[in-house]
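*Asks:* sequence and predicted structure are below.
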Amino acid sequence: MVISETGSSRIESINYPFLATAFFALNALYFILVFGTFDNPSCCDATLYLQGGRRFFEQGLLFDNPYSGYRSVWNYGIAEMVRFVGEPFRWIAGLPQKATVSYAVGATLLFAVTAMTLLLVLGKRKGFKEIFCAIYLNPISFLYLLYPLQESQIVLFLGPAIVIVATSLIAEKWNQSIVLLWSFAVAAWMVKGSFLLVALPVIGLAIYLVLRATGPKKWISTCIGVAVALAIVAPQSYIALAKYGSLYPYPDHALLEKQLGWGYTSWHYETVYDLNLEGDVKWKGDFSNNNYPPIKDTEAYTFKILSNPIEGLSLWVGHIFSAFNFSHLKVYITEPVVKFSFFNVLAGAALFLGFLTSVGIVTRGPYDPQDYFIDAVMIGSASALPLLAVETRFSLLPALALSYRAIQWFTEADKNERVAQDLSCAALFGLLFGFAMTLVDIA
């Protein structure tokens, strides 16, 4: 990787008309968001995090939680804090007295506050406009914001963190970036265990910057970054040690083994919420009409893949594509039928342009630290998709990163001699993607 001495010249600085437009647009969107969709069906993991969060504040770190070996205590604590923030505003607005509604209000307020703060503090920084739009004006963010799930915490906390880290790298603030990279890496890992595949390359970038930087401040920054990272991971490691005898934060692999089994028996997995029944109904199916039994451990999964490599490869590719299926635009759906969605056409076109931009940056250069960071987030968060039973929400982070790349394509369009060709290919891919998603069976 080559670090340019002057930073990236591909992105222009933000301007005040954009600042004003974004400010009013965001406030209008938040108003529509919270009062239009606050009472969507919610169950399963969403209920689990809210109930667990309440027990966490009542019982302490070692609260009663059967999932503590593979879900972070931060997920529960943050869910309860967001609900607590939203509760008085829910009451003032006269909205239904439900924990999920309080969470939706709290998440909306926090999202608005962080957006406005970033606009005011970082709004004039080079490269800010594109990364800000990819996170804060992205319909995919709005889709997951209101549900007390890991994806909501990605939008609320990792989203602004990505903006801060990326703009710091573009500004070549290396010592600041070292601290931010360490903090972001471990925070991402604590939001979701599979994001270890994000954390490792991001830490690798922090180490690279230390090796490149000069002066004693780089070691001070490294010490601060490592200290912050240890402080973030400490509560979950303490729980793992007390309950499982291990300092590794996620010692329980039960869910991983279930996910592998579900992943080998289905293209796509969603929770179908039956409004006529109490609770929820999970529709189960199998992959390609083959009645494979559930796989109970990773060794059995490996054997299945190695004994059927072509089928396994096709399944992995199918998982990646079906993970970006936004047909329903809901977390919990009410009907397990995928219909043609024009949003999927737009999503497919954006994914195409984002991938095209990523390839162009890698091949043409310069490949700056911010490019590596975005690619680490995108590829690391997508790495587990081929293996598991994918729900659409699992693709949130790679979708946000690809959205940023797509926006970069438009900022460079006037310099690109193949604009018409790229747009035509993107439109064609979007249409094919939209029709292909109607063939995905939901389990």
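*Replies:* Happy to help now that I have it.
*Asks:* would you tell me which helix is longest in the chain?
*Replies:* Looking across the chain with DSSP state H, the single longest helix is helix 217-244.
*Asks:* which other helices and strands contact that one?
*Replies:* Helices and strands touching helix 217-244, by 3 or more CB pairs under 8 Å, 6 or more residues apart in numbering; DSSP states H and E, are helix 73-93, helix 174-191, helix 196-212. C-betas here are computed from N, CA, C, even on glycine.
*Asks:* helix, strand, or coil at the spatially most central residue of the chain?
*Replies:* Nearest residue to the geometric centre of the chain (CA atoms, centre = their mean): L397, 2.8 Å. Here L397 is helix, with the state taken from DSSP: H, G, I helix; E, B strand; the rest coil.
*Asks:* now it. Nearest residue, chain neighbours left out?
*Replies:* Nearest residue to L397 in three dimensions, chain neighbours excluded: S381, at 3.8 Å (CB to CB, 6 or more residues apart in numbering).
*Asks:* I'd like the distance between that neighbour and E80.
*Replies:* According to CB to CB, to the nearest Å, S381 and E80 sit 25 Å apart.
*Asks:* ok, L385 next?
*Replies:* Counting by CB to CB, the gap from L385 to E80 is 29 Å.
*Asks:* with K124 instead?
*Replies:* From K124 to E80 the distance is 36 Å (CB to CB).
*Asks:* can you check L61 too?
*Replies:* 13 Å.
*Asks:* same thing with V359?
*Replies:* 42 Å.
*Asks:* cool, R418 as well?
*Replies:* Counting by CB to CB, the separation of R418 from E80 is 51 Å.
*Asks:* higher neighbour count, these two?
*Replies:* Applying other CB atoms under 10 Å to R418 and E80 shows that E80 carries more neighbours, namely 24 against 11.
*Asks:* what residues are up against the residue lying closest to L431 once chain neighbours are set aside?
*Replies:* Distance criterion CB to CB, 6+ apart; nearest residue to L431, sequence neighbours excluded, is V345 at 5.8 Å. The neighbourhood of V345, defined by CB atoms under 8 Å, 6 or more residues apart in numbering, consists of 430-431, 433-434.
*Asks:* can you tell me which two in these are farthest apart?
*Replies:* L431 and F433 (7.2 Å; CB to CB).
*Asks:* in what helix or strand does E257 lie?
*Replies:* For E257, the host element (DSSP states H and E) is helix 254-265.
*Asks:* and the very next helix or strand once past that helix, what does it pack against?
*Replies:* Per DSSP H and E, helix 254-265 leads on to strand 271-272 as the next helix or strand towards the C-terminus. Helices and strands touching strand 271-272, by 3+ CB pairs under 8 Å, 6+ apart, are strand 332-333.
*Asks:* helices and strands of this structure: which one bottoms out on pLDDT?
*Replies:* helix 16-37 (a mean of 60; mean pLDDT, DSSP states H and E).
*Asks:* one step back: can I have the buried ones of the contacts of V345 as a ChimeraX selection?
*Replies:* In ChimeraX syntax, the buried subset of the contacts of V345 is picked out as below (16 or more other CB atoms under 10 Å):
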select :430,433,434
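*Asks:* just put the contacts of V345 in a markdown table and tack on pLDDT and distance to L402.
*Replies:* Shown next, in a markdown table, are these (pLDDT from 0 to 100; distance: CB to CB, whole Å):
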| residue | pLDDT | distance to L402 |
| --- | --- | --- |
| G430 | 88 | 13 |
| L431 | 90 | 18 |
| F433 | 87 | 13 |
| G434 | 85 | 16 |
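*Asks:* measure Y248 to G60 for me?
*Replies:* Distance of Y248 to G60, computed by CB to CB: 21 Å.
*Asks:* those two - which one has more neighbours?
*Replies:* More crowded of Y248 and G60, by other CB under 10 Å: Y248, with 12 against 8.
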